[in-house]
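Undergrad: Build me a structure from this.
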Amino acid sequence: MSKVYDEVREKLKFNMITREENKLSTLRMVISKISEQRNAKNSKFKLTDKSVVKVIKKEIKELKEERSAEMLRNNEINIKTLTEKINYLQTFLPEELSEEVIKKDILMLIKDLSLSRPIQGKHMGQLMKSAK
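TA: A predicted model of the protein is given here:
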């Protein structure tokens with residue numbers, strides 16, 4: 001079972017009690033998308049943190065596109081609502097590494113792998129594997 005999915009379900013229950021309709025509808029939408037993928041015919045969808053995060057990221061992308069369309073219409077109320085939904089969904093995503101941390105990690109990996117020449121394609125595989 002996925003920890004992220006469990007967290008989404010717990011927040012759904014909490015928001016049902018507190019009656020926060022905007023957050024509640026957002027979580028229902030995410031759970032619905034996950035259920036659609038799980039129940040689709042010929043689906044290889046597994047309920048893991050990675051797959052749930054992927055669904056949430058896709059939903060954020062769709063909401064951002066919808067917000068852009070609302071900006072063209074100057075609909076301030078919908079823009080605010082969509083922005084709140086986006087910000088709320090982003091709380092379920094893992095924290096992304098900063099560019100400085102990534103550079104530091106890559107330099108350490110290069111040193112550990114004793115790469116004296118410039119990085120080539122075959123080395124990128126090793127770096128990516130180690131970075132995860």
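
Undergrad: Residues contacting the longest helix seen in the chain, please?
TA: Counting residues, the longest helix found in the chain (DSSP state H) is helix 49-73. Residues from elsewhere that reach helix 49-73 (C-beta atoms under 8 Å, 6 or more residues apart in numbering): 2-5, 8, 29-30, 33-34, 37, 45, 78-79, 82-83, 85-86, 89-90, 92-94. (C-beta placed from N, C-alpha, C; glycine too.)

Undergrad: Can you tell me which of these end up in helices?
TA: Filtering the contacts of helix 49-73 for helices - DSSP H - leaves 3-5, 8, 29-30, 33-34, 37, 78-79, 82-83, 85-86, 89-90.

Undergrad: List buried residues within these.
TA: Neighbour counting with 16 or more other C-beta atoms under 10 Å marks 4, 5, 8, 30, 33, 34, 37, 79, 82, 85, 86, 89 as buried within the ones in helices among the contacts of helix 49-73.

Undergrad: Let me know whether the first one touches residue 89 as I believe.
TA: Okay, so that is residue 4. No: using C-beta atoms under 8 Å, residue 4 is not in contact with residue 89, being 11.2 Å away.

Undergrad: pLDDT weak spots in the chain?
TA: Applying pLDDT under 70 to the chain flags the ranges 41, 113-123, 126-132.

Undergrad: domains for the protein, by residue range?
TA: Per the record's domain assignment (automatic domain parsing), the chain is made up of the domains 3-90, 99-131.

Undergrad: Just say which of these is most tucked in.
TA: domain 3-90 (a mean of 14; mean count of other C-beta atoms under 10 Å).

Undergrad: Ends of it, what's the gap?
TA: 15 Å (C-alpha to C-alpha, to the nearest Å).

Undergrad: Same question for stretch 88-95.
TA: 14 Å.

Undergrad: Show me how far that stretch is from its chain's centre.
TA: 6 Å (C-alpha atoms, centre = their mean, to the nearest Å).

Undergrad: likewise stretch 53-71?
TA: Counting by C-alpha atoms, centre = their mean, stretch 53-71 comes out at 11 Å from the chain centroid.

Undergrad: Right, I'll leave it there.
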